[in-house]
Structure formats: C-alpha cells, structure tokens
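K.L.:
Provided below for reference: sequence and predicted model.
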Amino acid sequence: ESPESSAVSQKQPTTADWLMSQTRHRPQVAIICGSGLGMLADTLKCQDSFAYSDIPGFPQSTVQGHAGRLVFGELKGKTCVCMQGRFHMYEGHSLCKTTFPVRVFKLLGVETLIVTNAAGSLADSLQPGDIMIIKDHVNFPGLVGLNPLSGPNDDKFGPRFPAMSGCYDKGLRCLALDIAKQLGVASLMQEGVYAMVGGPNFETIAEARLLHRLGVDAVGMSTAPEVVVATHCGLRVFGLSLITNKVVKSYEDSESVNHEGVLEVGRLRSHTVQQLVTELISRMEINNNNTINTAV
Ligand SMILES: O=P(O)(O)O[C@@H]1C[C@H](O)[C@@H](CO)O1
Ligand SMILES: Nc1nc2[nH]cnc2c(=O)[nH]1
C-alpha cells in the first residue's frame, strides 16, 4: 500500500485547492453520511454541491444509498461540508482512498468531523431505530495491518504513532446525550462500542457470537479508518451509528438482514438524526485555529 498511499496523499492539496477555488465556503465541520443518511446534507443553507466525479482526485461511490456528492453550506451559523456517500473497503478502494476526503477536510480548515453509519446491533439493549453514540471502536482490519496510515508517515498531518484512546470526543458525546434529552429522544440513545469488519457480506451466526463476546455493541463496514486518519491529523471526532437491524445470533432465528432494510430504517429515522446533528453543530464550540502548513 506504500507507493499508492504516497501517490494518493500528493493529490489531496490539489483537491483542496480546487474546492477552495469553486466555493466561498470555508468549512469548520465535516459530516460523513452513512448508508441511507444522505439527507443530512439537505439541512445546509446556501449550498454549493459537487459530484464526486467532477472533483479532481476524488474517489467514486458505488453503493446504493450513497449519492456521491460533496455539499458545502451553512448550518446554524457554522460552515459545513457534507459527504453524501462514503467509500468502503469492500468496494475495492484501498484504505488510503476510503479516507482521502478526511485529509482534504483538514486542508480546508475543518476542525470537527461527524461520522455517521448504519450498523447492526449485537447488544440486547439496542433495537432497530435506536441511535448509538460511538464511545470507542474496534478496527478489525486495522488490527491485522489494514490501516490507512500504513506506508511512509506524512509528518505534516500527524505523528508516526498516534494515540487512539479518547478518539471520540467526550465533550461532544455528553452534549449529544443532553440534546437527546431535550428533544425527547433519550430513550432511543445510548453509548456503545462500534466494530468495523471488512464486509461486504453480513455476519455469520458464529461471527456475530464472537463479536458479542468481545464486547462489541454494533457492527458495520466503515467509519474506523476515517476516524483513525482524522485523529492522526488532530480533528475532533463525533460518531453515531443508526441501528438498522439486529445481528442474528441464534440458529433458531429465521430472520436475515438485507441492504434495502438498512436503507429503510435510515429513511424512518432521518428526521431524528437530522435534528440531533443540527443541534449538536449549533451548540458545539469552534476554535478556528485548525490550519496546517501544506507547503512542502
Ligand atoms: O456506510 P455505512 O457504514 O453506513 O454502510 C453500512 C455498511 C454497508 O455499507 C451497508 C450495509 O447495508 O450499510
Ligand atoms: N457488518 C454489518 N454491517 C451492517 N450495516 C448495517 N447493518 C449491518 C450488519 O448487521 N452488519
């Protein structure tokens, strides 16, 4: 992955410069929309939007429910950029490509990254339609060396060996729980541990049981690499998983999960997720000192 990661990282400044030449917006917050959650971009005012296919250097989305558009706009006094569609490892992208936009966001001056995803629940306390605030993650591909930071370290962005404890900002997690209470949706929300697996197949029953025993609350196929790259370059991160299905853990259970069902739960909960994210952005503090020197 090394020669590719260097080639990919050389394109990020070009992409960021191109975007800055096309829009007046200078985003402070970036949002990555999970499967079926692309409507988060609809709340942005004074939008400038770009198809991924028109952005120099940008990878392309191939998954249903991921429109493939980057939307800039204003939300409650903050400037935001929203990815309507993310990149997954199972689409055949290398991990440095799946996380390409995160460093572009850093170069644009973004300070806070909000990641959202659709996930299956392993915890008995999480039902379809619930929203899990991500407290921590298990990056299964990362544990075996499939890591977007593999290859030469780019010191401009961060250190060779970044710490990952505390990568989901505690202040934002508390704020989100507070907002959930005010919105009257606290019963839908709890904190938990997300695990990323490679996909694209959903879990076998034996795999589901293994994840459950390991203390995983919800499982999906994304997010962890984005959070690793974001944490490496000093972005503050908030993450939430919309629980779209229960992962089948019993041989007696005849139910099975499918992508259409995942998208459907996204549609059903879109309003609540939108309200939560909007309030969070409205109430979060921004420092505005997040620039890095990209001159090499
Ligand atoms: O992009 P996310 O992580 O929300 O997408 C999840 C995982 C798979 O891509 C898909 C399965 O339905 O949803
Ligand atoms: N791996 C995985 N990803 C999902 N995304 C939405 N539901 C699921 C699930 O049950 N398993």
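P.N.:
That came in fine, so what should we check first? Ligands and ions are numbered 1, 2, ... in the order given.
K.L.:
Just the local confidence number for Leu175, please.
P.N.:
We note a pLDDT of 98 for Leu175 in this prediction.
K.L.:
I'd like the next helix or strand past the one helix or strand it maps to.
P.N.:
Element membership for Leu175, per DSSP states H and E: helix 170-183. Going down the chain from helix 170-183, the next helix or strand is strand 189-196, by DSSP H and E.
K.L.:
So is that next one next to ligand 2?
P.N.:
No - using C-beta under 6 Å from any ligand atom, strand 189-196 stays clear of ligand 2, with a minimum separation of 8.2 Å. In this view, the C-beta of every residue, glycine as well, is placed from N, C-alpha and C.
K.L.:
give me the number of residues near the residue nearest to Met20 when sequence neighbours are not counted?
P.N.:
The spatial neighbour of Met20 that comes closest, neighbours along the chain excluded (C-beta to C-beta, 6 or more residues apart in numbering), is Leu108 at 6.8 Å. Leu108 has 24 neighbours, counted by other C-beta atoms under 10 Å.
K.L.:
From Leu70, how far off is Asp154?
P.N.:
22 Å (C-beta to C-beta, to the nearest Å).
K.L.:
which one of these two has more residues nearby?
P.N.:
Leu70 (26 against 18).
K.L.:
now for the helix holding Leu175, which elements pack on it?
P.N.:
When contacts are defined as 3 or more C-beta pairs under 8 Å, 6 or more residues apart in numbering; DSSP states H and E, helix 170-183 packs onto strand 131-139, strand 189-196, strand 236-246, helix 270-283.
K.L.:
how distant is that helix from the center of its chain?
P.N.:
Offset of helix 170-183 from its chain centre (C-alpha atoms, centre = their mean, to the nearest Å): 18 Å.
K.L.:
helix/strand/coil for Val248?
P.N.:
coil (DSSP: H, G, I helix; E, B strand; the rest coil).
K.L.:
what about it, how many residues close to it?
P.N.:
19.
K.L.:
Okay, now the sheet partners of the host helix or strand of Asp48, with direction.
P.N.:
If you go by DSSP H and E, Asp48 is part of strand 45-51. If you go by DSSP bridges, strand 45-51 pairs up with strand 69-75 (antiparallel).
K.L.:
got the contact list for the helix or strand following the partner strand?
P.N.:
Counting by DSSP H and E, the element after strand 69-75 in chain order, helix or strand, is strand 78-84. Strand 78-84 is contacted from outside by 25-33, 38, 40-41, 44, 66-74, 101, 105, 108, 110, 281-282, 284, 286, using C-beta atoms under 8 Å, 6 or more residues apart in numbering.
K.L.:
measure the residue nearest to Phe202 when sequence neighbours are not counted to Thr231 for me?
P.N.:
Spatial nearest neighbour of Phe202, excluding adjacent residues (C-beta to C-beta, 6+ apart): Val257 at 5.0 Å. Look at Val257 and Thr231: by C-beta to C-beta, they are 30 Å apart.
K.L.:
Leu70 too?
P.N.:
22 Å.
K.L.:
Can you name the residues that contact the closest residue to ligand 1 within the chain?
P.N.:
In the chain, the residue that lies nearest ligand 1 is Gly34 (2.8 Å; C-beta to the nearest ligand atom). With contacts defined as C-beta under 8 Å, 6+ apart, Gly34 is in contact with 86, 115-118, 220, 222-223, 241-242, 266.
K.L.:
Cross these against helices and list the overlap.
P.N.:
Of the positions in the contacts of Gly34, Gly266 sit in helices, assigned by DSSP state H.
K.L.:
Let me have the contacts of Gly34 in a markdown table, extended by distance to Val273.
P.N.:
Listed next are those as a markdown table, based on distance: C-beta to C-beta, whole Å:
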| residue | distance to Val273 |
| --- | --- |
| Arg86 | 15 |
| Val115 | 12 |
| Thr116 | 7 |
| Asn117 | 11 |
| Ala118 | 11 |
| Gly220 | 15 |
| Ser222 | 16 |
| Thr223 | 15 |
| Ser241 | 10 |
| Leu242 | 6 |
| Gly266 | 8 |
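K.L.:
And the contacts of Gly34, which is closest to Trp18?
P.N.:
Minimum distance to Trp18 across those is 20.0 Å, recorded for Arg86 (C-beta to C-beta).
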